[in-house]
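Enquirer: just a sequence and a predicted model for now, questions to come.
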2 protein chains.
Amino acid sequence: MEHEVVIVVFDGVQSLDVSGPLEVFAGAARAPGGRYRVRVASLGGGAVASSSGLGLVPSVALEEVGRIDTLVVAGGEGARGEADPALVAWLAGACGRAGRVASVCTGAFLLARAGVLEGLRVTTHWAYCEELARRFPGVEVVADPIFVRQGRVVTSAGVSAGVDLSLALVEEDLGRRVALAVARHLVVFLRRPGGQAQFSAPLAQQWAQRPAVREVQHWIVEHPGADLSVQALAGRVGLSVRQFARVFARQVGCTPGRYVERVRVEAARRWLEESEAGVEAVARRCGFGSAEVMRRVFVRSLGCSPAGYRSRFHGGGV
Amino acid sequence: MEHEVVIVVFDGVQSLDVSGPLEVFAGAARAPGGRYRVRVASLGGGAVASSSGLGLVPSVALEEVGRIDTLVVAGGEGARGEADPALVAWLAGACGRAGRVASVCTGAFLLARAGVLEGLRVTTHWAYCEELARRFPGVEVVADPIFVRQGRVVTSAGVSAGVDLSLALVEEDLGRRVALAVARHLVVFLRRPGGQAQFSAPLAQQWAQRPAVREVQHWIVEHPGADLSVQALAGRVGLSVRQFARVFARQVGCTPGRYVERVRVEAARRWLEESEAGVEAVARRCGFGSAEVMRRVFVRSLGCSPAGYRSRFHGGGV
């Protein structure tokens, strides 16, 4: 019996969210023993307009889909905004009977609306993790993983992470050799190194309301290489360490130590992306003391080493 | 004035070859100063069927396209097989007047047919490099790069490499910051580590006709960790080193040393993909003598270290 894969599309879908999983499952379907039937489906079966203007023509209407072994819900502006209530209603029903359910990128918003993610750990595009958590308080949103599996529900990080998620499902169904062959054919890694955090843009600063604390924040950003111990920072504003730490945490939303670390990581990322400076020099300039300390902080917060980060995000001529 | 990007599609196109570049340029168009207009176009402007069944609806007919600043030709089965002569004729004309011309994956076959690649260094999907070189002797095909720039002609490796190529063009047009922002939004690296070779499947063996040489080949494949010096191999078949090297090279198509290295690299790749053995143990088992020797051979032939290779292609549970 064929394994029925249904990929859900709608107006405002991100085209890469669709073609990534589609090509992974279609590639696996061509492998020996690959028993997938892969169909793209929309409400009513009509063509949909992707967010970049390319029209997509589904092969079937959602209403006509029978058995579903794997349901893949793509993301895009149309998933995060005001989605069609009929689509949400269809999802609520279909997710109950599907063998497993996957979302790509902001497709998690559609699953959350359909009530499928309640009480689960999930992920979505790094830029929308906060919004998903705010809008659906019953859902536990984690920002770093490329994808998260919770029983029969799998959610992936942004856009291209739909490829990683689909490869993992193919590996589960057909084994590592088939998944590897498909990954190689698409010229993508079977396991990409590091998590989603390495892709995320610098966090928007939360500035304190109290001017003295705000000035300390500015000073930290401008002098990441300075002595930024709590003692030194508290001394700058004439407060005791305890008073300073309490005021800072209340106004900024994290401890001074955590704030300093974040600012230093962001400064180091910029230097690694834009300069030719060695890792040791970047570590010193950004206040890490040594390349080894910076390496540990990078691995913990971004899931990759400074050298790995540079090799992936440093620019250069064509 | 807007920069006109035209992405060419046809029946049998690979959907990821289209959506990758489309989303990179469309993402850059939304950036401050991003002055791209991105259109997908087919002959006659009608919908086309991608190789995985998803229909794509272009926004314009190729015949109606005016100025072209960047022409992107996607790949897929429809590019490598018997392409529409009208499409090839249109390309021959359009490539002459386009500001720059890019191919994704096997889109290079269409450009080659249109006579655009004559005398140039180009690349294509690793599985089709040999075919491209055979069919178009005037084209110099290189198998490893993710993309190759030759003046105003850029060709990319397989499928997802169209994203890398497009990011490089955006970086050239709008700078590193915009390219980095687009890459992050799509959750892809701006520069992926290593070349296309790390994705390519083991080369099909060329077996010698002469049984004694074929037996040596089998023995090498089954004992990658043994002493495989030319002396030792020649001794196995009772030939002098000179005689053996000459016969082997004529029948197998490469020197014994090169053959042994290839077999050892393939054996090490399999162990790194499938086992939990440490890099040092894999190096010994596959006859590299030391992890450092294996590292050098990997970097030279695959563009990445054994540890990097494992992190990208080793399987694991979901």
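Expert: Looks like it arrived, so ask away. Numbers count the residues shown, from 1 in each chain, chains lettered A, B, ... in the order given.

Enquirer: could you pull up the mean pLDDT of stretch A:242-258?
Expert: When pLDDT is averaged along stretch A:242-258, the result is 92.

Enquirer: next, the buried residues of it.
Expert: A:244-245, A:247-248, A:251-252, A:256 (16 or more other CB atoms under 10 Å in any protein chain shown). Bear in mind the C-beta positions are built from the backbone N, C-alpha and C, glycine included.

Enquirer: return the distance of that stretch from the chain's centre.
Expert: 28 Å (CA atoms, centre = their mean, to the nearest Å).

Enquirer: identify the residues contacting that stretch?
Expert: A:206-210, A:213, A:216-217, A:228, A:230, A:233-234, A:237, A:239, A:259, A:262 (CB atoms under 8 Å, 6 or more residues apart in numbering or on different chains).

Enquirer: of the residues you listed, which is the nearest to chain B?
Expert: residue A:262 (16.9 Å; CB to the nearest CB).

Enquirer: quick one: which of the buried residues of stretch A:242-258 sit in helices?
Expert: In this view, those that belong to helices under DSSP state H are A:244-245, A:247-248, A:251-252, A:256.

Enquirer: residues from the stretch 151-300 of chain A in reach of chain B?
Expert: Contact residues, the stretch 151-300 of chain A versus chain B (CB under 8 Å from any CB of the partner chain): A:154, A:157-161, A:163, A:168-169, A:171-172, A:176, A:179-181, A:183-193, A:196, A:199-201, A:273-274.

Enquirer: are any of the residues you listed buried, and which?
Expert: Counted by 16+ other CB under 10 Å, these give A:154, A:157-161, A:163, A:168-169, A:171, A:176, A:179-181, A:183-193, A:196, A:199-200, A:273 as buried.

Enquirer: outline the domain layout of chain A.
Expert: Domain assignment for chain A by automatic domain parsing gives A:3-197, A:211-313.

Enquirer: gap between the two ends of the longest one?
Expert: What that stands for is domain A:3-197. By CA to CA, to the nearest Å, the extent of domain A:3-197 from end to end equals 33 Å.

Enquirer: starting at the chain centroid, how far to it?
Expert: 13 Å.

Enquirer: and what of stretch A:233-253?
Expert: Worked out by CA atoms, centre = their mean, stretch A:233-253 lies 33 Å from the chain centre.

Enquirer: now, which of the residues of the stretch 151-300 of chain A next to chain B lie within strands?
Expert: Judged by DSSP state E, strands contain the following of those: residue A:154.

Enquirer: of the buried residues of stretch A:242-258, which is the nearest to chain B?
Expert: residue A:252 (24.4 Å).

Enquirer: rewinding a little: worst average pLDDT in the domains of chain A?
Expert: domain A:211-313 (a mean of 91).

Enquirer: what's the end-to-end length of that one?
Expert: For domain A:211-313, the end-to-end distance is 36 Å (CA to CA).

Enquirer: now do the spatially most distant residue from the centre of chain A against chain B, distance only.
Expert: Taking CA atoms, centre = their mean, the residue of chain A most remote from its mean C-alpha position is residue A:238, at 40.9 Å. Counting by CB to the nearest CB, to the nearest Å, the separation of residue A:238 from chain B is 39 Å.

Enquirer: one more: residue A:311?
Expert: Residue A:311 is 5 Å from chain B, by CB to the nearest CB.

Enquirer: now the helix or strand containing that residue, how far from the centre of its chain.
Expert: For residue A:311, the element it lies in under DSSP states H and E is helix A:306-313. Relative to its chain's centre, helix A:306-313 lies at 18 Å (CA atoms, centre = their mean).

Enquirer: ok, and what's touching it?
Expert: A:193-194, A:198, A:268-269, A:272-273, A:279, A:282-283, A:291, A:294-295, A:298, A:302, A:304, B:180, B:183, B:189-193.

Enquirer: what pLDDT does the model give residue A:315?
Expert: In this prediction residue A:315 is given a pLDDT of 65.

Enquirer: all helices for chain A, in order.
Expert: A:15-30, A:77-80, A:85-97, A:107-113, A:129-135, A:161-174, A:176-186, A:211-222, A:230-237, A:241-252, A:256-274, A:279-285, A:291-302, A:306-313.

Enquirer: reformat those as a markdown table; add distance to residue B:144.
Expert: What follows is those, written out as a markdown table (distance: least, CB to CB, whole Å):
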| stretch | distance to residue B:144 |
| --- | --- |
| helix A:15-30 | 22 |
| helix A:77-80 | 38 |
| helix A:85-97 | 44 |
| helix A:107-113 | 35 |
| helix A:129-135 | 37 |
| helix A:161-174 | 22 |
| helix A:176-186 | 14 |
| helix A:211-222 | 42 |
| helix A:230-237 | 50 |
| helix A:241-252 | 48 |
| helix A:256-274 | 25 |
| helix A:279-285 | 26 |
| helix A:291-302 | 28 |
| helix A:306-313 | 16 |
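
Enquirer: sweet, I'm off.
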